[in-house]
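> Attaching a predicted model along with its sequence, questions to come.
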Amino acid sequence: MLSLRRTLISRALRGTAALLAGMALSTAMAQPAKPLRILVGFPPGGGTDAIARSLADRLKDALGVPVVVENRPGAGGQIAAQVLKASPPDGTTVFLTHDHTISILPLVVKNPGYEPEHDFVPVGGFATFVNAFAVSGGTPAKTFGDYVQWVRTQGGGKGAVGIPAPASTPEFLVKLVGQKYRLDLVSAPYRGAAPMMADMLGNQIGAGVGSVQDFMENHKAGKVQVVAVLGTKRQAAMPNVPTFDELGLKGFEDLPYYGFYAPAGTSQKFITQFSVALAKVVAEPDVREHLTAMGLTVGFMTPQQLAAREQAYTEAWRRIIKSSGFVPQ
């Protein structure tokens with residue numbers, strides 16, 4: 001009788017253990033995956049934000065996890081970069097950014113609060129792009145030559161040009177344009193392309209320099225006029241706009257890039273998963289078409305390829321900044 005009782009108790013305990021194990025497994029399976037956070041260093045409404053949101057929608061399907069875009073604007077992406085550095089390397093945070101934050105800021109700011117080569121790890125690139133010079137509807141200029149002449153006649157050779165961030169590629173371009181055409185051009189820095197565009201649309205400033213994708217929508221609508229682009233080739237989305245290379249302004253042949261970065265220490269497993277998912281997303285015809293229409297040249301880059309492009313671009317700009325006499329602030 002005692003033996004039978006022990007047997008029944010033993011069976012009951014095994015059954016309870018199995019039930020508890022099943023409940024634990026069920027609970028684990030029912031818990032949703034942690035969302036992936038995409039940091040963006042510029043305000044909503046700008047070109048980088050629009051790119052991030054279009055990719056986030058597809059990445060959630062490719063990765064099988066919720067994906068959210070978190071804007072941390074300010075200082076040309078510096079604030080978002082600092083947030084990335086402080087984030088745990090657990091595969092829940094990435095930073096979508098371009099050349100300015102990764103390659104330029106560390107060269108022009110004494111203490112940006114991060115070191116890309118030590119604090120970040122590339123997880124995949126997806127495009128290159130060019131910067132552009134645009135004029136507002138408040139000016140009569142239809143070409144770059146028109147703008148130069150307008151500044152000379154209306155402002156006595158003086159003019160202000162909006163830029164999305166201080167000490168950026170656009171600021172150096174403004175400086176070189178002023179030198180070449182003997183104009184007294186002053187850069188007016190904004191906290192991103194969106195507020196700069198608002199002032200251009202309101203005719204508060206006559207011209208601005210930013211990425212092609214920042215101007216594309218309003219250029220097509222005739223609200224602003226892109227009059228020149230950087231690089232050595234005209235853009236497919238605006239074939240009638242000449243390059244600065246054609247206009248005789250050299251030194252901007254290296255194309256800036258877009259890529260994703262994760263905190264240093266992030267596992268190789270996550271890096272591989274994200275890279276594969278990104279490659280799948282940018283290979284989709286409608287995604288490529290959408291990004292191309294925004295002024296990007298779409299092309300997937302592995303983490304290694306993104307790192308190589310970053311290094312080459314940084315070295316090219318190190319030479320430009322040094323020759324300009326700019327002193328890091």
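On my side now, so go ahead. Residues are numbered from 1 along each chain as shown.

> C-alpha coordinates for stretch 255-274, PDB please?
Output of stretch 255-274 as PDB, limited to C-alpha atoms (Å, rounded to 0.1, in the frame of the first residue of the first chain):
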ATOM      1  CA  LEU A 255      30.500  60.200 -52.800                       C
ATOM      2  CA  PRO A 256      29.000  60.200 -49.300                       C
ATOM      3  CA  TYR A 257      27.300  57.100 -48.100                       C
ATOM      4  CA  TYR A 258      24.400  55.800 -46.000                       C
ATOM      5  CA  GLY A 259      24.800  52.900 -43.600                       C
ATOM      6  CA  PHE A 260      23.700  51.200 -40.400                       C
ATOM      7  CA  TYR A 261      25.900  51.000 -37.300                       C
ATOM      8  CA  ALA A 262      25.500  49.100 -34.000                       C
ATOM      9  CA  PRO A 263      27.200  49.600 -30.600                       C
ATOM     10  CA  ALA A 264      30.700  48.000 -30.300                       C
ATOM     11  CA  GLY A 265      30.400  44.500 -28.900                       C
ATOM     12  CA  THR A 266      27.300  43.600 -30.800                       C
ATOM     13  CA  SER A 267      27.300  39.900 -31.600                       C
ATOM     14  CA  GLN A 268      28.400  38.600 -35.000                       C
ATOM     15  CA  LYS A 269      25.200  36.700 -35.200                       C
ATOM     16  CA  PHE A 270      23.100  39.900 -35.100                       C
ATOM     17  CA  ILE A 271      25.400  41.600 -37.500                       C
ATOM     18  CA  THR A 272      25.000  38.800 -40.000                       C
ATOM     19  CA  GLN A 273      21.300  38.600 -39.500                       C
ATOM     20  CA  PHE A 274      20.800  42.300 -40.000                       C
END
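
> buried set for it?
255-263, 266, 270-271, 273-274 (16 or more other C-beta atoms under 10 Å). In this view, the C-beta of every residue, glycine as well, is placed from N, C-alpha and C.

> Reformat the residues you listed as TSV; add pLDDT.
Below are the buried residues of stretch 255-274 laid out as TSV (pLDDT from 0 to 100):
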residue	pLDDT
Leu255	80
Pro256	88
Tyr257	93
Tyr258	96
Gly259	98
Phe260	98
Tyr261	98
Ala262	98
Pro263	98
Thr266	98
Phe270	97
Ile271	98
Gln273	97
Phe274	98
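
> Need the residues you listed in CSV (columns: distance to Val108 and secondary structure).
Below are the buried residues of stretch 255-274 laid out as CSV (distance: C-beta to C-beta, whole Å; DSSP: H, G, I helix; E, B strand; the rest coil):
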residue, distance to Val108, secondary structure
Leu255, 19, coil
Pro256, 15, coil
Tyr257, 18, strand
Tyr258, 20, strand
Gly259, 20, strand
Phe260, 23, strand
Tyr261, 19, strand
Ala262, 24, strand
Pro263, 23, strand
Thr266, 27, coil
Phe270, 31, helix
Ile271, 29, helix
Gln273, 34, helix
Phe274, 29, helix
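
> Before we move on, what's the pLDDT of Met294?
Note for Met294: predicted pLDDT of 85.

> In the stretch 151-300 of the chain, mark out all the helices, start to finish.
169-181, 193-201, 212-220, 268-282, 285-293 (DSSP state H, counting those that start in this stretch).

> Now tabulate the ones you listed in CSV and tack on distance to Ser87.
Formatted as CSV, the helices of the stretch 151-300 of the chain follow (distance: least, C-beta to C-beta, whole Å):
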stretch, distance to Ser87
helix 169-181, 27
helix 193-201, 25
helix 212-220, 26
helix 268-282, 13
helix 285-293, 26
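
> Bridged to the most centrally placed residue in the chain, which residues?
In the chain, the residue lying closest to the centroid (C-alpha atoms, centre = their mean) is Thr97, at 2.9 Å. Per DSSP bridges, the residues bridged to Thr97 are Gly259.

> ok, now which ones touch it?
Val40, Gly41, Thr48, Gly77, Ala80, Ala81, Tyr258, Gly259, Tyr261 (C-beta atoms under 8 Å, 6 or more residues apart in numbering).

> tell me which of the residues you listed is nearest to Gly206?
Thr48 (24.0 Å; C-beta to C-beta).

> wait, doesn't that closest one sit right on Leu39?
No - using C-beta atoms under 8 Å, Thr48 is not in contact with Leu39; the gap is 10.7 Å.

> the more surrounded of those two?
For Thr48 versus Leu39, the count of surrounding residues by other C-beta atoms under 10 Å is larger for Thr48: 27 against 23.

> That one in helix, strand or coil?
Thr48 carries the three-state label helix when classified by DSSP: H, G, I helix; E, B strand; the rest coil.
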